[in-house]
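Starting from these lines, generate the structure:
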Amino acid sequence: MLILRKATLEDLGEITDIYNYAIKNLTATFDEKEKTLEDRRAWFESHQVDKYPLIVAEEEGEILGWGSISLFRERPAYRFTGETSIYVRKGFQGQGVGTRILKKLIDLTRESDLHTLVALIADGNEASIRLHANLGFQIVGQIQEVGYKFDDWVDVLIMQKIL
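Predicted coordinates:
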């Protein structure tokens, strides 16, 4: 049975493993260097407030995926906007884990003072585009060739959901 819950520091190793797989293999993140637990600790701490939740999807003691809402930009006028991140462990994509995580994040966000959610998604990441669209996000823009990963230029779609 899949359980969605607030991430704990004890989950950080598995969260980091899932993220590092994406760094090495996917354009889901534009990070290029794998992260250590020390690297991710400050990031983890930034999500220890209700406004910016970090949750995990756990089944039988294994973290199958994680998701977070992060500060969109540091300038004060953006304080009512959050940015989504969802990562699912290899082998568990396409089984509804990401959908459950994003639904939970949306529910948690409705309890905060955030007004809108933004997702920045690499063009071609059809699973993430479909996931967000199915939960009410709309494509509101595209930035061309802003990322360079795996020896190729990558466009980024901007998707948004006003709460």
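
Do a quick rundown of the strands in the protein.
3-6, 54-59, 62-71, 81-88, 116-122, 138-149, 152-162 (DSSP state E).

quick one: the nearest residue to residue 20 once chain neighbours are set aside from residue 149, how far?
Leaving aside its chain neighbours, residue 20 sits nearest to residue 34 (4.5 Å; criterion: CB to CB, 6 or more residues apart in numbering). C-betas here are computed from N, CA, C, even on glycine. Distance, residue 34 to residue 149, by CB to CB, to the nearest Å: 14 Å.

Next: residue 135.
To residue 149, residue 135 is 26 Å away according to CB to CB.

ditto for residue 118
The gap separating residue 118 from residue 149 is 20 Å, by CB to CB.

Surely residue 29 touches residue 21?
No: between residue 29 and residue 21 there is no contact under CB atoms under 8 Å: 10.1 Å.

quick one: which of residue 135 and residue 149 has more around it?
residue 135 (18 against 15; other CB atoms under 10 Å).

surely the more buried one meets residue 160?
No: the criterion here is CB under 8 Å, and residue 135 misses it with residue 160 at 11.9 Å.

Low-confidence bits of the chain, can you list those?
For the chain, no stretch is flagged by pLDDT under 70.

Beta-bridge partners for the residue nearest to the spatial centre of it, please?
Centre of the chain computed as the mean C-alpha position; nearest residue by CA atoms, centre = their mean is residue 85, 0.9 Å away. Taking DSSP bridges as the rule, residue 85 bridges to residue 68.

That one: what's it in contact with?
By CB atoms under 8 Å, 6 or more residues apart in numbering, the contact set of residue 85 is 67, 68, 69, 70.

In TSV, list the strands of the chain along with distance to residue 100.
As requested, the strands of the chain are arranged in TSV below (distance: least, CB to CB, whole Å):
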stretch	distance to residue 100
strand 3-6	6
strand 54-59	6
strand 62-71	8
strand 81-88	10
strand 116-122	16
strand 138-149	21
strand 152-162	17
